[in-house]
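Undergrad: Quick one, what's the 3D model for this:
(2 chains)
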Amino acid sequence: MILNTFYSPKPSLGLTRLVQKFILFLVLISTLSSDEKVYIGTGYGYHDENFNKDISAHSTSNMGKLKFGYGDIKAYAIELSFDYIDNRSKIFSPDDSAKCGLNLDFVKAFDFNIPVNPFFKVGFGAGYFNVERELENSLSYGSFNLGGGLFIPLTGIIDLEIGYEHKYTTYQAVETIASKISYESSVNISYLGFNVRF
Amino acid sequence: MQQIRISFLFLIATMFMACGNNTTTVVVHDISKIYIHNDITSIRSTDNAVNLSATVVYDDNTTADVSHSVTWRSSNTSVLKMTSNSALASGNGGDVNISILFEQFNDTLAFKVHKLTNITFSPSELNTTGQNIIGVKGTFDNNESNITMNTNIDWNSDLNATYVSSDEENITFDFHSYPARITAKVFEDDFNKTYTGN
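TA: The predicted model follows:
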């Protein structure tokens, strides 16, 4: 029944794209080596955000990260991470709250027979934060993520992670009555964390 | 041990960097109020539509035109109709409130449609048959007289004359015989003129 729906003579564009993404996901999963493991990790970092397109504003904050991953420390992995950003700037309202975000990243790590495993990652994310504006109580945002760093194995199951991420962030449009303005920012994150692999 | 030491230094550096500058004065200014410009507070019942203006004021006292962004309403559509920000009389005189709305923001302007009380026909008498051009001017309840009438007039006649054409200044009737009566209907009010042929 499901297959009939998926492969009906005229599948919808959204369904087709969903199937394509699912197949891509399966292909990515299939590339994982036999050493893949479920892992959880946490991290602490420095979040530096610049708005330089429509407005001049700057935000620096501490951030915490909790993530769940599946993959090989020396090869490929998929990571789902939750960000908590201690937003101390007041750019959108007098009481901009901390930001909460969710990211999905694809990680490629390397094994050069050295004590560390370099990696890079690419993914996307979304999040929100509360504001006190007349026409908005919260603003959401989406991001395209690029990053890289080092996994530093400490024991068989624990490794340190030092990383850098760059995010292209687009915020939900702000209503000004005269127009809706969508702001964009560039985010640099450096972080330190550790992972436990099961 | 060396790896842990490097990571600890990275962590300290990250915490130090997180003390950077923050934008703490709101950059994306919020809405304070919207208002209707009161440079136009009345029209005559035979005037063309007039465009009203609305402005939004932000909390830094900057402003923007929102004439086409807000919802315009007339409190009595049998007196005045609003099409976007365009106001046109829909009755021969009366008082009405015009409002603008956008979410919780609103403003109201007391507005008057001046009543046409008399039409002056020139010449005041005719004695030739065939097409005659007659100049017409209006007098209104605010004691304005000799006013050009632009719209909202429906011209008719009895069987002794036939309507030919009209513009803002003149009407043309084909007179077959006298006496002939021509009528200007302005909404619910009729204005008659009888030419005796003398």
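Undergrad: Could you break chain B into its assigned domains?
TA: Structurally, chain B divides into domains by automatic domain parsing as follows: B:31-114, B:116-195.
Undergrad: pretty sure residue A:165 contacts residue A:189?
TA: Yes - if you go by Cβ atoms under 8 Å, residue A:165 and residue A:189 touch, sitting 4.2 Å apart. (Glycine included, C-beta is placed from N, CA and C.)
Undergrad: hey, what's in contact with both of those two?
TA: residue A:147 (Cβ atoms under 8 Å, 6 or more residues apart in numbering or on different chains).
Undergrad: what residues are up against the residue positioned nearest the centre of chain B?
TA: In chain B, the residue lying closest to the centroid (Cα atoms, centre = their mean) is residue B:87, at 2.3 Å. The neighbours of residue B:87, taking Cβ under 8 Å, 6+ apart as the test, are B:43, B:49, B:50, B:51, B:52, B:74, B:80, B:81, B:98, B:111.
Undergrad: ok, the host helix or strand of it: who's next to it in the sheet?
TA: Residue B:87 belongs to strand B:86-89 when assigned by DSSP states H and E. Applying DSSP bridges, strand B:86-89 is found paired with strand B:50-51 (antiparallel), strand B:80-83 (antiparallel).
Undergrad: what's the spacing between the residue lying closest to residue B:141 once chain neighbours are set aside and residue A:85?
TA: Excluding its sequence neighbours, the residue lying closest to residue B:141 (Cβ to Cβ, 6 or more residues apart in numbering or on different chains) is residue B:115, at 4.2 Å. Distance of residue B:115 to residue A:85, computed by Cβ to Cβ, to the nearest Å: 64 Å.
Undergrad: Can you pull out the low-pLDDT segments for chain A?
TA: Confidence mapping of chain A against pLDDT under 70 gives the ranges A:1-19, A:21-22, A:24-34.
Undergrad: can you list the domain ranges for it.
TA: According to automatic domain parsing, the ranges for chain A are A:1-30, A:32-197.
Undergrad: got the residue ranges for the helices in chain B?
TA: Counting by DSSP state H, chain B has helices at residues B:2-17.
Undergrad: Where does the prediction get shaky in it?
TA: Residues of chain B meeting the criterion pLDDT under 70: B:1-20.
Undergrad: follow-up on the earlier one: out of the domains of chain A, which is the most enclosed?
TA: domain A:32-197 (a mean of 18; mean count of other Cβ atoms under 10 Å in any protein chain shown).
Undergrad: burial measure for the nearest residue to residue B:120 once chain neighbours are set aside, as a count.
TA: In this structure, residue B:120 finds its nearest non-sequential neighbour in residue B:137, 4.7 Å apart by Cβ to Cβ, 6+ apart. Look at residue B:137: counted by other Cβ atoms under 10 Å in any protein chain shown, it has 15 neighbours.
Undergrad: Please identify the helix or strand for the most centrally placed residue in chain A.
TA: Centroid check for chain A by Cα atoms, centre = their mean gives residue A:103 as the closest residue, at 2.9 Å. For residue A:103, the enclosing helix or strand under DSSP H and E is strand A:99-109.
Undergrad: Is there proximity between that strand and chain B?
TA: No - Strand A:99-109 stays clear of chain B (Cβ under 8 Å from any Cβ of the partner chain), getting no nearer than 13.5 Å.
Undergrad: what does that strand rub up against?
TA: A:28, A:69, A:71-85, A:87, A:117-129, A:141, A:143, A:145, A:147, A:151.
Undergrad: near chain B, from those?
TA: Checking the contacts of strand A:99-109 against chain B (Cβ under 8 Å from any Cβ), there are no matches.
Undergrad: Tell me which stretches of chain A form strands.
TA: A:37-51, A:57-71, A:76-85, A:99-109, A:117-130, A:138-153, A:158-171, A:174-175, A:180-181, A:184-197 (DSSP state E).
Undergrad: Which stretch among these approaches residue B:189 most closely?
TA: Set against residue B:189 and scored by Cβ to Cβ, the strands of chain A come closest in strand A:174-175, at 44.8 Å.
Undergrad: Relative to the closest one, what are the paired strands and their orientations?
TA: Assessed with DSSP bridges, strand A:174-175 is paired to strand A:180-181 (antiparallel).
Undergrad: Just the residues contacting the strand it pairs with, thanks.
TA: By Cβ under 8 Å, 6+ apart, strand A:180-181 touches A:54, A:173, A:174, B:28.
Undergrad: could you redo the last one with a cut-off of 10 Å?
TA: A:54, A:55, A:171, A:172, A:173, A:174, A:175, B:28, B:69 (Cβ atoms under 10 Å, 6 or more residues apart in numbering or on different chains).
Undergrad: Also stretch B:167-175?
TA: Counting by Cβ under 10 Å, 6+ apart, B:46, B:48, B:119, B:121-122, B:126-137, B:148-151, B:153, B:155-157, B:160-166, B:180, B:182, B:184, B:193, B:195, B:197 sit against stretch B:167-175.
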